[in-house]
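> Provided below are the primary sequence and the corresponding predicted coordinates.
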Amino acid sequence: MSITVLVGAQWGDEGKGKMIDYLSGDSDLIVRFQGGDNAGHTVVNDKGVFKLHLIPSGIFEDNCVSLIGTGTVVNPDVLNEEIAQVAAANVDMSGLKISGKAHILLPAHQQLDALMEAKGGIGTTKRGIGVAYSYKMLRKNLRFEDLLDLETLPKKISGILDAVNAELTAYGAQPISYDELWDKCMEWKERYGDMIVEPISFLHNYMDEGKNILFEGQLAAMKDIDLGIYPYVTSSNPVAAYAAVSSGFPAKKIDRVIGVAKAFSSAVGAGPFPTESDDEQIQIIRGTGEHVDDEFGARTGRSRRLGWFDAPVVKYTNLINGFDELALCKIDKLDDLPEIKICVGYKLDGELLDHYPNTDQLERVEPVYKVMPGWMEDTTGIRKIEDLPENAKNYIKTIEDLTDTKICYVGVGPGRTELAL
Ligand code: GDP
Ligand code: IMO
Ligand code: MG
């Protein structure tokens, strides 16, 4: 049995979808453990090209069951569309399950996110994620298991609508009627009734049978609600320990944590991003949006902010998560660069920092760079780390040394098997 958690090691969009798809071959169960359809996890395999938002990225393995876990917030209508899209590529969806304790992201949550962002927000994905988590914390929300109890549902709906409608009308929007939400709930009950599971016994049965379980994180620790660049963060905890907290198993059972980083940095949304750079060398990586691996948001299509690899970030996220292994994706994107910069530390007011700074300090830090020679060779066909060009191996070794990690996978292309091990 192995219990593995895979999480983002930077600012999101590091290649988690690709890595989960690759690792799902050895897994019996994949659990998406936080976030919602703010995620865009790109998978490129023999079934096609997919940008997954809610469905776990292991769905393509017929022998692997996929659970949308308790820590998530799920927009049922978005999930329905996504299921149809993936099923249209002849993917077997019978293994897709939803935790009864997962929260339902209501249409009003998305509407409120958009209204709040319009008044000056932080650049959310406008999918209603923060609003859904807020109502969860206020204890004014529905979970999937609520759809199955028609005796208690009416009272829950009424209580929720009192709260949601007060906020909608304060923004000048139309309130939602009881009948409208009741009808939606009946539609969702019909659609998802057979997929809803009691998550604790479901998960522990897999554990008792000694199965391999892989937990899929969304986003990354730099956008963690507690540990990231608050307030420019998401509303959940995209860190390894949260897989145990949200799914209901002892944290000490996690026996492998995999971090996923890009060989450079990218971010979407507002907030400090110390290594952001308008160097032509790094900007050229963005592409035009024509290729699957061009740097445009997989969820919103927004152009991603780009910068050099930031070692203090990955050192910090390693401190938080405890990576046993690091996957370094997109090294092939640096193939044509004669020189590559790595941020090795930050200076604040002229002093080199020995800890990760807070958000306001991060706005003011000055990155300290080391410049390394590039390798100017095509790496896309390489499948063993030892076969990479010397300068690429030096770049990898430098990152390992600066971040206290062991790089076990190197991404050399967007496809499932485009990995050097
Ligand atoms: P996620 O949110 O962490 O799953 O990452 P995204 O899918 O949002 O963004 C990662 C992007 O990089 C996608 O376009 C992937 O197809 C692409 N990608 C992942 N790994 C590699 C790699 O090793 N090389 C290249 N060229 N592209 C990659
Ligand atoms: P994956 O899983 C990159 C960012 C948004 C914004 C902040 C809060 O594909 O890595 P939210 O909609 O969550 O309230 O937005 O978080 N963000 C992401 N950035 N990749 C993602 O997901 C993201 N999910 C949210 O841009 O800055
Ligand atoms: Mg993404």
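Now that the structure is in, tell me what you want to look at. The structure displayed is predicted, hence computed values, not measured ones. Ligands and ions are numbered 1, 2, ... in the order given.
> residues of the stretch 1-150 of the chain that sit close to ligand 1?
8, 12, 13, 14, 15, 16, 17, 18, 40, 41, 42, 44 (CB under 6 Å from any ligand atom). Any C-beta I mention is one placed from the backbone N, CA and C, and that applies to glycine too.
> before we move on, what SS does the third one have?
This points to residue 13. coil (DSSP: H, G, I helix; E, B strand; the rest coil).
> contacting residues for residue 77?
The contact partners of residue 77, by CB atoms under 8 Å, 6 or more residues apart in numbering, come to residue 107.
> where does residue 249 land in three-state SS?
coil.
> wait, what's in contact with it?
3, 203, 204, 207.
> look up how far residue 202 lies from the residue lying closest to the third one once chain neighbours are set aside.
It stands for residue 204. Nearest residue to residue 204, sequence neighbours excluded (CB to CB, 6 or more residues apart in numbering): residue 249, at 7.0 Å. Per CB to CB, to the nearest Å, residue 249 is found 11 Å from residue 202.
> still on that earlier bit, list just the nearest of the residues of the stretch 1-150 of the chain next to ligand 1 to ligand 2.
Using CB to the nearest ligand atom, residue 12 comes nearest to ligand 2 of these, at 2.8 Å.
> quick one: contacts for the residue in the stretch 301-421 of the chain that ligand 1 sits nearest to?
Relative to ligand 1, the nearest point of the stretch 301-421 of the chain is residue 411 (2.1 Å; CB to the nearest ligand atom). Residues counted as contacts of residue 411 (CB under 8 Å, 6+ apart) are 15, 18, 263, 327, 328, 329, 330, 331, 332, 418, 419.
> adding secondary structure, distance to ligand 2 and neighbour count, write those residues out as TSV.
Listed next are the contacts of residue 411 as TSV, based on DSSP: H, G, I helix; E, B strand; the rest coil; distance: CB to the nearest ligand atom, whole Å; neighbours: other CB atoms under 10 Å:
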residue	secondary structure	distance to ligand 2	neighbour count
15	coil	9	24
18	helix	11	28
263	coil	16	25
327	strand	14	26
328	strand	16	27
329	strand	12	25
330	coil	14	23
331	helix	19	24
332	helix	20	22
418	coil	19	21
419	strand	19	22
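> quick one, longest helix in this protein?
The longest helix of the chain (DSSP state H) is helix 153-170.
> what does that helix contact?
With CB under 8 Å, 6+ apart, helix 153-170 has contacts from 106, 108-109, 111-112, 135, 138, 140-142, 146-147, 174-176, 178, 181-182, 185.
> let's see 7 Å
Under the criterion CB atoms under 7 Å, 6 or more residues apart in numbering, residues 108, 112, 138, 140-142, 146, 174-176, 178, 181-182, 185 lie in contact with helix 153-170.
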